[in-house]
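Undergrad: Below are the sequence and a predicted model; questions follow.
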Amino acid sequence: MNKIKLQTQQLAFQHPVTRNFDTQSRSPVYEALLRSGPRLRNLQQVHAHIIVSGLHRSRSLLTKLISLVCTAGSITYARRLFPTVPNPDSFLFDSLLKVTSKFGFSIDAVLFYRHMLFSGAPPSNYTFTSVIKACADLSALRLGKEIHSHVMVCGYGSDMYVQAALIALYAKASDMKVAKKVFDAMPQRTIIAWNSLISGFEQNGLPQESIDLFHLMMKSGLQPDPATIVSLLSSCSQLGALDFGCWLHDYSNVNGFDLNVVLGTSLINMYTRCGNVSKAQEVFDSMKERNVVTWTAMISGYGMHGHVLSACAHSGLIDDGRRVFSSMKEVYGLVPGVEHNVCMVDMFGRAGLLNDAYQFIKKILPKEPGPAVWTSMLGACRMHRNFDLGVKVAEHVLAVEPENPGHYVMLSNIYALAGRMDRVEMVRNMMTRRRLKKQVGYSTIEINRKTYLFSMGDKSHPQTNTIYRYLDELMCRCSESGYVPAPESLMHDLEEEERDYALRYHSEKLALAFGLLNTNQGETIRIVKNLRMCEDCHSAIKHISIIADREIIVRDKFRFHHFKDGSCSCLDYW
DNA sequence: CTAGGGTTAG
C-alpha cells in the first residue's frame, strides 16, 4: 500500500516542463506504464493507480497495460484484465494477438482471435500476421487453412507480411507444397519470404532443396541475411557440406554479421556435424555470449567424434554415469526424460553390461519406457550377439510400436545372427503384409562445394563405370590385406539396405570410391550417411584407409568414424 | 489521442 501511494505521489509531482514534444500528448499514467516496462511489480502499482484515479475505463491505458503484463509473462493477469476493457476495439485485439503469439501463448492467441470475430471488431493485416504465427507454433494446419481463407475473404491475400507468415505456417506444419504455392504466388518476394521457405525445406529434412532455393535467391539479386545463413548452416549440418558451410562462415565475417548465440551455435553445430571439431572450438572460444544450447552443441560435438567420450564405456566411467544420472534427480531436481534413459541403456549396452541395462529398464518400468529405450537395448543385444534377450526385446518393441519398420529389420537381423533363417523369412513376410518399407539408405560426399548423393547399387552417376571398376579393385586389394566380407546373415543390418545387392555396392563404398577418384592425395575424405554404418563397410573402410593411404571420415546417423591407418576412432564400438 | 508486423540454433 505504501508503495502504491509513493508511486501516486511521484506521478502527481511530475513537472510538465520536463516533458518533451513527443510525450506531451501522453498522460502521466501512460508514461508510468512505459517506465514500468514488462515488470510485474511495477505494473501492479500502475494498475492500482489506474483504478484509484478512476481511469479504469480507459481503453488505451488498459491495452498498453495488458500488453506489458503479457510481455512480463503473466498470461493469467492478462486474461483477467481483458474482460474489464469496455468495448474492445481492433487495436486492442491486435495488441493482444501480437503479444500472446510472440511470447508463446499460442492457444490464447487463437482464442482471442475467435473472440475478436465474435465481437465484430474487423481484423486487420496485423491481426493475421499474429494469429498465423500462433497457428504455426501450434503446427495447426487445419486451423491455419481456415484462417488462410479468412485472409482471402478480408482482402489481405497480397499483404507481404501476411504471405510470409503463411509460408512459415505451412512450412512448420510440414506442408511444403502449399508453402511453395504461396511463395510462388507472391509478386515480389522479401528476404523474409525467402528465409521462411529456405528454413522450411531445411526443417522438413530437405536440405538440398533449401540450398537450391538459396541459389535462386542470389540469382534474383537478393543477399542473404543472418537468418538465411543460420538456416543454410543447418542444411550443411544435415548434408555434411563442410565447404559450403565454410563459405557461409566467411560470408558472415565479410559482411560483419554479429556472432550472436544463434549464429555462433549454428556454426558450432555445422562444424562438429561436418567433422571439424577444432574449428567448432574456435567459434565457441570467440563467442561473447553462450547459453545452454551453445554448450550442448559443443559437448555433444565432442561426444559424436568419440575422441573424448568413446573411452567412457571401456573404463571405469560407468560409475560416473550412474552418479551423474542419480544426481540429476537428487541434486538438481530434474526428472530424467526418455533421452536420459536411452543414454543409460546405451552406456551399459556398449560396455556389454546387458544385465545392468535390462535391470535399469525394469526399474524405470512401472511406466512403459518407450520404444527408444527398447531400441537401444536391442542394439546392445545385437552388438553383443545375445540372441535370447534380443528376441525377447525385439518382440516387445514390435508389440509397442508395430508401425515402425526399423523394429522388424532389427528382429529379423537378430534371427539371422542366430541362423534362424525361417524366422527371418517370417518377419519379412510380416513386413510386406503390413505394407511397411525400410528407410532407404544413402551417402553423400561434397566435392568442390557440390554435394553428390549415392544410394546402394546406384548407377545414375555419369562416372558410374569408373567408380564401380575402381571399387572392385579396392575390394580386391582389401581381401589381399586380410579383409573378410561379412557373412550374408549380417546383411540384415539395422535399417540397412537389401542384402540381395553385393556388399561392395553399399552407398558409403560408392561415395568413397567416387571421393578417392576425385580428390588429391592427402585430402581428407568426408562422407555422410543417413543411417547407421554397417559392419562390413566399417571393416572395409579400415582397410581402404591403409591401401589408399587416406584419412576417411564417415558421419553416420549417430556419430563420426575417423578412419586412419587401418583403425577407427570409434574403436569398433558403435 | 498515439501505436505495430513476417524469417534464424537443438
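TA: Done, it's in.
Undergrad: Distance from stretch A:371-386 to the middle of the chain?
TA: The chain centroid and the centroid of stretch A:371-386 are separated by 25 Å under CA atoms, centre = their mean, to the nearest Å.
Undergrad: Using neighbour counts, pick out the buried residues of it.
TA: The neighbour-count check on stretch A:371-386 (16 or more other CB atoms under 10 Å) flags A:371, A:373-383, A:386 as buried. To be clear about C-beta, it is placed using only N, CA and C from the backbone, and glycine gets the same treatment.
Undergrad: Lowest-confidence one in the residues you listed?
TA: Of all the buried residues of stretch A:371-386, A:Pro371 carries the smallest pLDDT score, 74.
Undergrad: and it, what does it touch?
TA: Neighbour list for A:Pro371: A:397, A:400-401, A:404, A:407 [criterion: CB atoms under 8 Å, 6 or more residues apart in numbering].
Undergrad: Out of the buried residues of stretch A:371-386, which is nearest to A:Tyr452?
TA: Nearest to A:Tyr452 among the buried residues of stretch A:371-386: A:Gly379, at 29.6 Å, using CB to CB.
Undergrad: any idea how far the closest one is from A:Phe348?
TA: Noted for A:Gly379: a distance of 12 Å to A:Phe348, by CB to CB, to the nearest Å.
Undergrad: Flag every buried residue along the one helix or strand A:Tyr468 maps to.
TA: Element membership for A:Tyr468 (DSSP states H and E) is helix A:464-480. When neighbours are counted by 16+ other CB under 10 Å, the buried residues of helix A:464-480 are found to be A:467-468, A:470-471, A:474-475, A:478.
Undergrad: just those residues now: which is nearest DNA strand B?
TA: Distance to DNA strand B across the buried residues of helix A:464-480 (CB to the nearest atom of the strand) is lowest for A:Ile467, with 31.4 Å.
Undergrad: just checking, that closest one touches A:Gly457?
TA: No: under the criterion of CB atoms under 8 Å, A:Ile467 is not in contact with A:Gly457, lying 11.6 Å apart.
Undergrad: so who does the spatially most central residue of chain A touch?
TA: For chain A, the residue whose C-alpha lies nearest the mean C-alpha position (CA atoms, centre = their mean) is A:Gln203; its distance is 7.0 Å. The contact partners of A:Gln203, taken as CB under 8 Å, 6+ apart, are A:171-172, A:234.
Undergrad: now with 10 Å?
TA: Residues in contact with A:Gln203, defined by CB atoms under 10 Å, 6 or more residues apart in numbering, are A:168, A:171-172, A:174, A:176, A:210, A:231, A:234-235.
Undergrad: Over to A:Gly155?
TA: Residues near A:Gly155 by CB under 10 Å, 6+ apart: A:Asn125.
Undergrad: one more time with 6 Å
TA: Not one residue lies near A:Gly155 by CB atoms under 6 Å, 6 or more residues apart in numbering.
Undergrad: Ok, A:Val151 next?
TA: Remark: with contacts taken as CB under 6 Å, 6+ apart, A:Val151 is in contact with A:128, A:157, A:162.
Undergrad: ok, the second one - how many residues close by?
TA: Put plainly, it is A:Gly157. As a burial measure, the neighbour count of A:Gly157 was computed by other CB atoms under 10 Å and equals 16.
Undergrad: On the three-state scheme, it is what?
TA: Assigned state for A:Gly157: coil (three-state reduction, DSSP: H, G, I helix; E, B strand; the rest coil).
Undergrad: Which pLDDT value belongs to the residue in the stretch 351-500 of chain A positioned nearest to DNA strand B?
TA: Closest approach between the stretch 351-500 of chain A and DNA strand B, counting by CB to the nearest atom of the strand: A:Ala372, at 15.0 Å. The predicted structure scores A:Ala372 at 77 on the pLDDT scale.
Undergrad: Whichever strand or helix holds it: what's the following helix or strand?
TA: Element membership of A:Ala372 [criterion: DSSP H and E] is helix A:371-383. In the C-terminal direction, the helix or strand that comes right after helix A:371-383 (DSSP H and E) is helix A:387-400.
Undergrad: on that earlier part again, of the contacts of A:Pro371, buried ones?
TA: In the contacts of A:Pro371, burial by neighbour count holds for A:397, A:407, counting by 16+ other CB under 10 Å.
Undergrad: Arrange the contacts of A:Pro371 in TSV, one row each, with distance to A:Leu96 as further columns.
TA: What follows is the contacts of A:Pro371, written out as TSV (distance: CB to CB, whole Å):
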residue	distance to A:Leu96
A:Val397	47
A:Val400	43
A:Glu401	42
A:Asn404	42
A:His407	47
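Undergrad: and the stretch 251-400 of chain A, which of its residues are near DNA strand B?
TA: With CB under 7 Å from any atom of the strand as the criterion, the stretch 251-400 of chain A comes near DNA strand B at residues A:261-263, A:265-266, A:269, A:291-294, A:296-297.
Undergrad: Buried among the residues you listed? Make that a ChimeraX selection.
TA: One line in ChimeraX is enough to select the buried members of these, burial here meaning 16+ other CB under 10 Å:
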select /A:262,263,265,266,269,294,297
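Undergrad: With that, I have no additional questions.
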